[in-house]
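Q: task: produce atomic coordinates for the following.
(chains A and B)
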Amino acid sequence: MFNKTVLLALATLFAAPAANAQETPNGIDAAINEMVGAATGPFVNFIFSPFPGTSFPWIVLWLVIAATVFTVYFAFVQFRSFPHSIALVTGKYSDPDDAGEVSHFQALATALSGTVGLGNIAGVAVAVSIGGPGATFWMILAGLMGMASKFTECTLGVKYRNEYPNGSVSGGPMYYLSKGMEERGFAGLGKFLAILFSIFCVLGALGGGNMFQANQAHAQISNIVGDYPGWITGIIFAAIVFAVIIGGLKSIAQVTEKVVPFMGVLYVGTALIIIAMNYDQIGWAFGQIFAGAFTGLGVAGGLVGALIQGFKRAAFSNEAGVGSAAIAHSAVRTKEPITEGYVSLLEPFIDTVVICTMTALVIVITGVLQIDPQTGLYIWDAEAGRVATEGNVSGVALTSAAFGSALSFFPYVLALAVILFAFSTMISWSYYGLKAWTYMFGEGKAQELSFKILFCIFVVIGAAMNLGPVIDFSDAAIFAMALVNIFGLYFLMPIVKAEMLSYQARLKSGEIKRYA
Amino acid sequence: MSSDTFIVAFEGAPDNPGVLEYAIHRAKTEGASLLLVHILEWSPYRFLTPEELAERHGRRKQELARADQVVMQPALARAEAAGVPAKGVIRYGQVVELILEETKKAQATAIFVGRSGSQSMAARVFGSVTLGLAQLAPVPTVIVP
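A: This is a model prediction of the structure:
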């Protein structure tokens, strides 16, 4: 009875915007754009505003400075402890008696399925086409530095999680901001930051983690099967998301969770094949990346342009400092919270240093970026505001063209990968948003159901409408999460350092046992 | 009474009590004790959704409680009723690997395992528990149909 009522209510809710979107999409889109744009414009402009006289958004610098501070403060932990991270994730330090609990690998894989996605495919193409190949260098550097941010936030995520009598856990920035800041003597500020973070997290989950994904998935499907109304994709996606997050149909989620890593491996494997097919150009491509990083190779903006694009897209892709991954990582079963910090630092490495670099190398090597044969410099398309490309494409289409130039069938595989990545990102963000929602409104079936229904509705809206300002706002909300989270991390990093030093001492003394 | 311990790789399937009954019979005849080993198949590399991660600890507790209540306790009671000393172990992990580990730990002298007759694709490709034990067991292994 209850399910029937919910389904009827959903059908009505879905049908209204969907039908309207189909009939008069421009009218509704325009009205919502105007309304949302007017209300959120100042916030979006504030978050993405550049430093005067530059095009460098201050929020990106906020993330990069934080990553640098954490890198130095933790004495380059991401490089020193990389082998130990691998040992942890492969279970060398896992107590066999804890089998059946969430392993380090599982927490890492789930967090990765929330971050690997459009940023790795479309975002990199944008970076390279605007900033030139040199953007790749800065992207890798930002990824390497971002590893320290993940280390900090994920350690805290485990340390300050809530454990309930039924054995379930809730963790993430809202918990460490409130509990950790209280420990540091800033209870009021901590509570305020936790609530602010939760608000931004819910908005980010509904926008960047949902509407944007649904919108891009629809764009991909349309590219393959031809143009059709977005609400159809929206309803199909919403129904699947509904079945998973409300209906408890775990089989779909389990299939996705298995297929997504497979697609990730397939993507990297194919990129490696393409790079191997062009092995004689590998040296040249790295030359372009290094030279472009410091000279710009004629690309507008030069060094600064490459640096901005590299840093920006790395931050968009790996979410280091945003705080979202700390929610997923907090579920791991370990007596040592710092171990999850070590494991989580592999996330920006895999996401940015490996996957994003593969995308960039394929784009550079396959020659889809046009070069003036006389000067050897990239041809700048002033009208498009980027390097001229084969077929005059950018974003996912550019990555697709690069892969397609070597393997003609791959654009279809890529389209499927984008759709699956979008779906897995939605599932992950539905959970992140839910945790923020229940932090604000309390744990309970009713509170959970209300957020989940809202989430499904936003899937349809995202796919059906072209809501630029709404998506801008949701992107801004995700970065606003970083603003709040990093502010709190500066207060809490001494706690992480104490954990790290204690753990390292016990590891050295042999008190921490290796099992395999 | 001998000091021998027999391992019973006990799946707990109610429709296949043969392995337990046969092991009890053999233990009684030879004056051995039984160690019932029930393994909950688990891989630390299995992918889970964020929600499953959060609920995992609670679910593990439930699964262990259920296995103890539904599988292990009735089996131990059956052995006790037959006058055979028996202990039980419930563990998570890879079945063959853990049964062999328990065999070594208990210094058991025989393994009794039921044949489920599974013809699944996975069993055909990777081999069944029965075949795995038959190939790798360091002690005589009795396969009970």
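Q: ramachandran angles for the closest residue to A:Met426 other than its chain neighbours?
A: With sequence-adjacent residues excluded and distances taken as C-beta to C-beta, 6 or more residues apart in numbering or on different chains, A:Met426 is closest to A:Gln213, at 5.1 Å. From N, CA and C alone the C-beta is placed, and that goes for glycine too. Main-chain dihedrals, A:Gln213, degrees, to the nearest 10: phi -70, psi -50.
Q: burial count for A:Gln213?
A: Residues lying near A:Gln213 (other C-beta atoms under 10 Å in any protein chain shown) number 27.
Q: quick one: the strands in the chain?
A: If you meant another chain, say so; for now it's chain A. For chain A, the strands defined by DSSP state E cover A:162-163, A:169-170, A:380-381, A:386-387.
Q: actually, chain B is the one I wanted.
A: Counting by DSSP E, the strands of chain B are B:5-9, B:33-41, B:86-93, B:110-114, B:141-144.
Q: which residues touch the residue lying closest to B:Ala134 once chain neighbours are set aside?
A: Once flanking residues are discounted, B:Ala134 sits nearest to B:Thr141: 5.6 Å by C-beta to C-beta, 6+ apart. The contact partners of B:Thr141, taken as C-beta atoms under 8 Å, 6 or more residues apart in numbering or on different chains, are B:Ala110, B:Ile111, B:Phe112, B:Val113, B:Leu133, B:Ala134.
Q: that older thread, so which of the strands of chain A is nearest chain B?
A: strand A:169-170 (5.4 Å; C-beta to the nearest C-beta).
Q: quick check: which helices or strands does the closest one pack against?
A: Helices and strands touching strand A:169-170, as assessed by 3 or more C-beta pairs under 8 Å, 6 or more residues apart in numbering or on different chains; DSSP states H and E, comprise strand A:162-163, helix A:410-441, helix B:50-66.
Q: what's the closest of the strands of chain A to B:Glu11?
A: Proximity to B:Glu11, assessed across the strands of chain A by C-beta to C-beta, is greatest for strand A:169-170 (31.1 Å).
Q: list the strands paired with that closest one, with their directions.
A: Counting by DSSP bridges, the strands paired with strand A:169-170 are strand A:162-163 (antiparallel).
Q: quick one: name the residues of chain B near chain A.
A: Proximity of chain B to chain A, by C-beta under 8 Å from any C-beta of the partner chain, involves residues B:40, B:42, B:44-64, B:91-93.
Q: of those, buried ones?
A: For the residues of chain B next to chain A, a neighbour count by 16 or more other C-beta atoms under 10 Å in any protein chain shown gives the buried set as B:40, B:42, B:44, B:47-58, B:60, B:64, B:91-93.
Q: leaving out sequence neighbours, find the closest residue to the residue in chain B sticking out farthest from the centre.
A: Centroid-distance maximum for chain B: B:Pro50 at 30.6 Å, with C-alpha atoms, centre = their mean. With sequence-adjacent residues excluded and distances taken as C-beta to C-beta, 6+ apart, B:Pro50 is closest to A:Tyr431, at 3.7 Å.
Q: with A:Gly146 instead?
A: Nearest one to A:Gly146, counting by C-beta to C-beta, 6+ apart, is A:Ala320 at 3.1 Å.
Q: likewise A:Ile495?
A: A:Gly180 (6.3 Å).
Q: the one you found touches A:Leu492, doesn't it?
A: Yes. Using C-beta atoms under 8 Å, A:Gly180 makes contact with A:Leu492 at a distance of 4.6 Å.
Q: between the two, what contacts are shared?
A: With C-beta under 8 Å, 6+ apart as the test, A:Gly180 and A:Leu492 both reach A:Leu156.
Q: who's more crowded, these two?
A: Neighbour count, other C-beta under 10 Å: between A:Gly180 and A:Leu492, A:Leu492 has more, with 25 against 22.
Q: B:Pro17 versus the more buried one, what's the distance?
A: A:Leu492 sits at a distance of 56 Å from B:Pro17 (criterion: C-beta to C-beta, to the nearest Å).
Q: what of B:Phe6?
A: Computed with C-beta to C-beta, the distance linking B:Phe6 and B:Pro17 is 16 Å.
Q: what about those two, which has more around it?
A: Ranked by neighbour count (other C-beta under 10 Å), B:Phe6 and B:Pro17 place B:Phe6 first, with 26 against 17.
Q: what's near enough to touch the more buried one?
A: Contacts for B:Phe6 (C-beta under 8 Å, 6+ apart) come out as B:Ala23, B:Arg26, B:Ala27, B:Ala32, B:Ser33, B:Leu34, B:Leu35, B:Ala108, B:Thr109, B:Ala110, B:Ile111, B:Phe112.
Q: so where's chain B shaky on pLDDT?
A: Low-confidence segments of chain B (pLDDT under 70): B:1-2, B:13-16, B:116-127.
Q: residue of it with the smallest distance to chain A?
A: Using C-beta to the nearest C-beta, the closest approach of chain B to chain A is made by B:Gly58 at 2.6 Å.
Q: just give me the neighbour total for residue 128.
A: I'll assume chain A. 37.
Q: nope, chain B please
A: 20.
Q: neighbours around the one residue in chain A that gets nearest to chain B, how many?
A: Taking C-beta to the nearest C-beta as the measure, chain A has A:Gly167 as its residue closest to chain B, at 2.6 Å. Neighbour count of A:Gly167, defined by other C-beta under 10 Å: 15.
Q: so who does the residue nearest to A:Met426 touch?
A: A:Gln213 makes contacts with A:Gly117, A:Leu118, A:Ala422, A:Phe423, A:Thr425, A:Met426, A:Trp429, A:Gly462, as judged by C-beta under 8 Å, 6+ apart.
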